[in-house]
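Undergrad: got a predicted structure plus its sequence, pasted below:
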Amino acid sequence: MNLVTRFFLRAKHWQIFLLIFGTYCVGEILALNSVVAGPSERVGGFGILFWVSMVLFGFCFLAWFWAMGSFLDAIVRPELKMKLGFFRFALIYSVFYAFFFFRFVLSIHPAQLFLIVPLHLFAMFCILYMFYFASKYLVLAEKEKPVSFQDYAGPFFLLCFFPIGVWIIQPKINRLYVEKCRVLADS
């Protein structure tokens, strides 16, 4: 396990919240500031600090999911495992699409929307798949038996509403991480 993954698995809920939601809020404040500022005070339209904070926000949010998904995949019993490949693809696609979106879509010609709409819908599907994967794997790791949507609907919607969900989901991840590390240490 690398350093970033270990950080996200051991971090407390408030640390994850401050890191991810804090970088998002800083980016929004910088965006508002650059919109209010005069054209001579702007750097590249929105301001370079806005872009840096949004990249940091995206990296932290997706790294949290990557850490959760990879860890949960490692601890779920083999007969209950899901395909990790599409989960990783969904994460990577979301990153590339976000860069593409902010770079090209804001200045795109309306006639080119036929290309953007399917790419955007697929990006939305990928994000929902990340929520599905992490929530189902979390419940599979806790119950250690097959689960239905009813079982993981709560965690799914908590992940969809991140600022609230992190306060409930992250302590479960912390507990599982401590339990599994103790089992590995004892073996």
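TA: Now that the structure is in, tell me what you want to look at. Numbers count the residues shown, from 1 in each chain.
Undergrad: so what secondary structure elements neighbour the top helix by length along the chain?
TA: The single longest helix within the chain, with elements called by DSSP state H, is helix 113-143. When contacts are defined as 3 or more C-beta pairs under 8 Å, 6 or more residues apart in numbering; DSSP states H and E, helix 113-143 sits against helix 48-75, helix 84-104, helix 149-160, helix 162-186. All C-beta spots, glycine's among them, are computed from the backbone N, C-alpha and C.
Undergrad: okay, these in JSON lines with mean neighbour count and mean pLDDT next?
TA: Shown next, in JSON lines, are the helices and strands packed on helix 113-143 (neighbours: other C-beta atoms under 10 Å; pLDDT from 0 to 100):
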{"stretch": "helix 48-75", "mean neighbour count": "19", "mean pLDDT": "86"}
{"stretch": "helix 84-104", "mean neighbour count": "15", "mean pLDDT": "85"}
{"stretch": "helix 149-160", "mean neighbour count": "16", "mean pLDDT": "94"}
{"stretch": "helix 162-186", "mean neighbour count": "15", "mean pLDDT": "85"}
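Undergrad: distance to residue 10 for those - can I get that in a markdown table?
TA: What follows is the helices and strands packed on helix 113-143, written out as a markdown table (distance: least, C-beta to C-beta, whole Å):
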| stretch | distance to residue 10 |
| --- | --- |
| helix 48-75 | 10 |
| helix 84-104 | 20 |
| helix 149-160 | 19 |
| helix 162-186 | 6 |
